[in-house]
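Trainee: Structure for this input, please:
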Amino acid sequence: MTTRAAGGSRKTQPKSKAADQRARTIQDGSKTFFSSFNAPEWLQKKEKREEDEFETKEDRWDRSWDVPWGGPTLALGSLLWLVAYVSSAALAPLLVAATRGQDISQEETLTLAILTSQLGQAAGTVGALSLVTRGELFKVLNFAPWKLEDGWLKTALSAIPIAIISVAITAVSASAFGVDRISGGGSTEVVAETLSTTPASATALLLTCSVFAPWTEEIFFRGFLQTTLSKWMPVPWAIVSSATLFSAAHLTPRDAPQLFALGVVLGLTYAKSRNLAAPMAIHGIWNGSVFSALMILVASGVDVNEFLSGQGSVSWIGHLP
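Mentor: Below is the predicted model:
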């Protein structure tokens, strides 16, 4: 709207908000009309499909993690994790035995050495990986157990039956090929040799198996290794690769197939939830349940090693990853 001011000049009056909104609506409608009129149908469908894919991309379980580090960091982090693992296992018994003034064969001294070794591995893993990733590790792996609204707990609980079935089927299949007859004890037999009914020793072993071991292993194998590998390979292959190394790291060939199966379920759970609390919870519940079952057997006077060796094809029940 214009008015004639003194001197013959025209002065433009400001438009009302309603008029301005109507003008924009007409303009946007014109653009939409002409865009739809000019674009071929196949192109419109293609653009719509791309928009839908973009909107659902963030919900896909097989999307790669946004990892800011590369191959050198992966190599150095893995090396430092191995150093922390070996040095803690070697030095903890010596340190505890020297501090207590007892031989490592003493029950409580051995239990304390195991707990100290696991604490050393946990601290060494977190420290080394935080160092090589320049503090970006926990931003990427997203360990947030307090974010229950994300649904990680539901995902973890629903995956536990899948883990049990997967490990059981794998154990039966491995037994058919004679894997269960490989010489050397499994991971559970190693723990069974240190079982004790004394409250202090039992508590220390329970914490080691159900808290500190899952914490350390999930940070490295899922939080660091799996996420980094997804930079160069599809997420399913990253899950398989990390599960393979997870089973190999336990140094128990007889348990390797079952540990691999469990590792795959843990990796899938992490990919689905995008919260490291989910696989960590499954790992902790699994280890804690197996350990508690072994403690019940010991308290009942059962020879655990004889029991485990006599299970045959159902020995999957006693695997401690």
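Trainee: Run a quick neighbour tally on Trp237.
Mentor: 12 (other CB atoms under 10 Å). For every residue, glycine as well, the C-beta is placed using N, CA and C.
Trainee: Could you number the chain from 30 rather than 1 from now on?
Mentor: Got it, first residue is 30 now, which makes that one Trp266.
Trainee: what's the closest non-adjacent residue to it?
Mentor: Closest residue in space to Trp266, ignoring its immediate chain neighbours: Leu258 at 7.6 Å, by CB to CB, 6 or more residues apart in numbering.
Trainee: what's near enough to touch the one you found?
Mentor: Leu103, Trp266, Ala267, Ser270, Ser271 (CB atoms under 8 Å, 6 or more residues apart in numbering).
Trainee: Point out where this structure drops to low pLDDT.
Mentor: Low-confidence segments of the chain (pLDDT under 70): 30-69, 71-87, 212-223, 225-226, 333-350.
Trainee: which helix in it runs the most residues?
Mentor: helix 100-129 (DSSP state H).
Trainee: helices and strands around the helix or strand following that one, which ones?
Mentor: Past helix 100-129, further along toward the C-terminus, the next helix or strand under DSSP states H and E is helix 136-161. In terms of contacts (3 or more CB pairs under 8 Å, 6 or more residues apart in numbering; DSSP states H and E), helix 136-161 is packed against helix 100-129, helix 166-170, helix 228-236, helix 242-246.
Trainee: Okay, buried residues for the second one please.
Mentor: It stands for helix 166-170. The neighbour-count check on helix 166-170 (16 or more other CB atoms under 10 Å) flags Leu166, Phe167, Val169, Leu170 as buried.
Trainee: Please name the residues that touch the second one.
Mentor: If a contact means CB under 8 Å, 6+ apart, then Phe167 has Ser159 as its contacts.
Trainee: Check the gap between it and Ile311 for me.
Mentor: Here the criterion is CB to CB, to the nearest Å. By it, Phe167 lies 20 Å from Ile311.
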